[in-house]
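Asks: sequence below, structure please.
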Amino acid sequence: MLLPKTDTEVQSNYWTANIYFKARNGTYKRVPQTANQFNDGDNAGITLYYTSPDANATTAFRPGFRMLTGDPMRRTSEGLGKNMQQCYRCYTQPNWGGSPYPPCMDPKYDTDYFPKQPCPGGIRSNIIFPQCWDGKNLDSPDHRAHVTHPVNGPVAFPVVNVTCPASHPVHVPQLMYEVMWDTSAFNNLDEWPADGSQPFILSTGDDTGYGQHGDYVFGWKDSSLQHAMDSGCYLRNCSLLTEQPPKIKNLCNVPATVDEDIEGWMETLPGGGMGN
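Replies: Down below sits the predicted model:
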């Protein structure tokens with residue numbers, strides 16, 4: 001079962017860091033998002049996948065459930081190879097050309113650090129969450145301890161049959177975030193750092209990309225997620241859910257609460273970042 005979500009039943013909260021371009025003169029500009037592949041008509045936004053190895057094999061998240069994955073302070077690789085839990089893909093051709101492969105499955109196509117070369121077709125970032133829950137706690141002090149990976153460690157997307165440890169015996173959906181970043185305005189090497197290093201930085205202050213992370217707060221209506229997973233819904237082929245058309249989705253915006261320019265060039269990252 002594979003569900004990319006834009007349905008009216010989904011009212012969960014999802015968060016990940018923005019990406020900024022740091023010019024040679026030391027100023028910053030936010031990298032805009034763009035619509036994902038096959039999402040014609042969307043302005044931009046995040047694509048969300050809920051996966052299960054088979055119908056009736058997964059327990060949906062419960063009201064009040066939340067979790068965090070990744071570490072904003074990480075600056076080195078986890079060394080997971082073909083089981084990366086966060087990754088970036090550099091598209092060297094427009095319209096997602098040149099890399100028609102699933103995310104985070106092969107270091108030949110994806111890296112757990114920012115691409116070191118220009119990406120004319122944009123950068124795709126992915127974040128994968130753990131699939132095993134302790135079955136008791138909807139949260140934990142660090143927002144991580146109540147979930148973990150299968151007994152054999154982190155697994156690639158999409159998930160196949162896995163075994164959860166006795167400490168976390170409940171198999172929950174494999175959740176993956178996917179964001180397309182439009183880097184077309186930032187491919188001029190004369191604006192990149194003089195030493196030739198890559199110019200992108202997360203809003204947390206991480207210029208390696210290793211610290212990419214995601215926050216999740218469950219918010220599906222009633223038992224709609226459980227019903228969808230039990231029925232084996234695949235992509236948009238799911239009569240149990242009501243998909244929103246792009247013109248409706250694009251109206252969903254949060255009004256600004258602070259009057260400031262967030263799209264132009266900035267002297268510092270918003271909030272100053274979390275430090276390098």
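
Asks: any idea which strand is longest in the chain?
Replies: strand 174-181 (DSSP state E).

Asks: tell me the gap between it and the middle of its chain.
Replies: Centroid separation for strand 174-181 versus its chain: 3 Å, with Cα atoms, centre = their mean, to the nearest Å.

Asks: can you name the next helix or strand after that strand?
Replies: strand 200-202 (DSSP states H and E).

Asks: list the strands paired with that following strand, with their directions.
Replies: strand 19-22 (antiparallel) (DSSP bridges).

Asks: contact partners of the strand it pairs with?
Replies: Contacts with strand 19-22, where a contact means Cβ atoms under 8 Å, 6 or more residues apart in numbering, come from 28-31, 123, 125, 181, 183, 186, 193, 199-203, 207, 269. The C-beta positions use only the backbone N, C-alpha and C, and glycine is treated the same way.

Asks: what's the following helix or strand after it?
Replies: Strand 19-22 is succeeded, C-terminally, by strand 28-30 (DSSP H and E).

Asks: name the helices or strands packed onto the next helix or strand after that following strand?
Replies: The element immediately downstream of strand 28-30 (helix or strand, assigned by DSSP H and E) is strand 33-34. Contacts defined by 3 or more Cβ pairs under 8 Å, 6 or more residues apart in numbering; DSSP states H and E place strand 33-34 against strand 174-181.

Asks: which strands and helices sit next to the strand it packs on?
Replies: strand 13-16, strand 33-34, strand 46-51, strand 123-128.

Asks: next one: the second one to chain centre, how far?
Replies: With Cα atoms, centre = their mean as the basis, strand 33-34 stands 13 Å off its chain's centre.

Asks: before we move on, what about the last one?
Replies: Mean C-alpha position of strand 123-128 versus that of the full chain (Cα atoms, centre = their mean) differs by 5 Å.

Asks: could you do the first one as well?
Replies: Between the centre of strand 13-16 and the centre of its host chain there is 8 Å, according to Cα atoms, centre = their mean.

Asks: which residues does it contact?
Replies: Residues contacting strand 13-16 (Cβ under 8 Å, 6+ apart): 46, 48, 125, 127, 177, 179, 212-217, 219.

Asks: now do the same for the residue nearest to Val172 when sequence neighbours are not counted: its pLDDT.
Replies: Of all residues not flanking Val172 in the chain, Trp133 sits nearest, at 4.8 Å (Cβ to Cβ, 6 or more residues apart in numbering). Trp133 is assigned 98 on the pLDDT scale.

Asks: check whether Trp133 really touches Pro173, as I assumed.
Replies: No: between Trp133 and Pro173 there is no contact under Cβ atoms under 8 Å: 10.1 Å.

Asks: my guess is Thr34 meets Gly121, correct?
Replies: No: using Cβ under 8 Å, Thr34 is not in contact with Gly121, being 10.1 Å away.

Asks: quick one: contacts for Ser197?
Replies: Ser197 sits in contact with Lys116, where contact means Cβ under 8 Å, 6+ apart.

Asks: confidence score at it?
Replies: 96.
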